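**Q** show me the folded form of this:
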Amino acid sequence: MFAEQAPVLRGFFVRRGANDEAEDLVQETYLRLLRAHQAGGAAIGNPEAYLFTVALNLAREQAVRRQRPVQSLEEMENMAALLAVGDSVEDATDRDQRRKRLQALLADLPERTRAVLVMQYRDGLSYKQIAQRMGVSSHMVKKHVVRGLARCRQALAEDAPTP
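**A** Numbers count the residues shown, from 1 in each chain. Now for the predicted structure:
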């Protein structure tokens, strides 16, 4: 089935904008199919349909990753330099104001979204660990993270002074 469907899957991913990653996504699709088969659950009734369902999910995940802004190395170095500089009174005041604003933003989020963000960023848990604790799928955890961060970014953008 791999040899037969690989070119079709490759084209599927390329049509969805994953030109450079198409081969990797084809491999990941088959890997997920193999894992599902080896998991020992119910037999996959229609492996080809399952294969394309997995491929569609991977294409969606890839599209979300492409939409995320990528920080340049220069931006990351500037951030590191700012963090390395000693704290002044103004820095401490700004940091305290940001912390209070973030707490207010978190308080406005839906309870489950807030819990997910806290577990990920404060506690350092992975999506899988959070999903297990909350009794939801990793995909649902990811949705909560994306929604929560989007709301926070929007609120911070609204608060930013306009030039």
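**Q** nearest spatial neighbour of Gln5, skipping sequence neighbours?
**A** Leu51 (6.3 Å; CB to CB, 6 or more residues apart in numbering). (Each C-beta comes from the backbone N, C-alpha and C, glycine too.)
**Q** ok, now Arg151?
**A** Closest residue to Arg151 apart from its sequence neighbours, by CB to CB, 6+ apart: Leu109 at 6.3 Å.
**Q** please tell me I have it right and Gln5 contacts Pro47.
**A** No. Using CB atoms under 8 Å, Gln5 and Pro47 do not qualify as a contacting pair, with a distance of 9.4 Å.
**Q** more neighbours, the two?
**A** Using other CB atoms under 10 Å, the more surrounded residue of Gln5 and Pro47 is Gln5, with 19 against 14.
**Q** what pLDDT does the more buried one get?
**A** pLDDT recorded at Gln5 is 82.
**Q** Leu25 too?
**A** Leu25 is assigned a predicted lDDT (pLDDT) of 87.
**Q** and if you look at Asn57?
**A** What the model reports for Asn57 is a pLDDT of 87.
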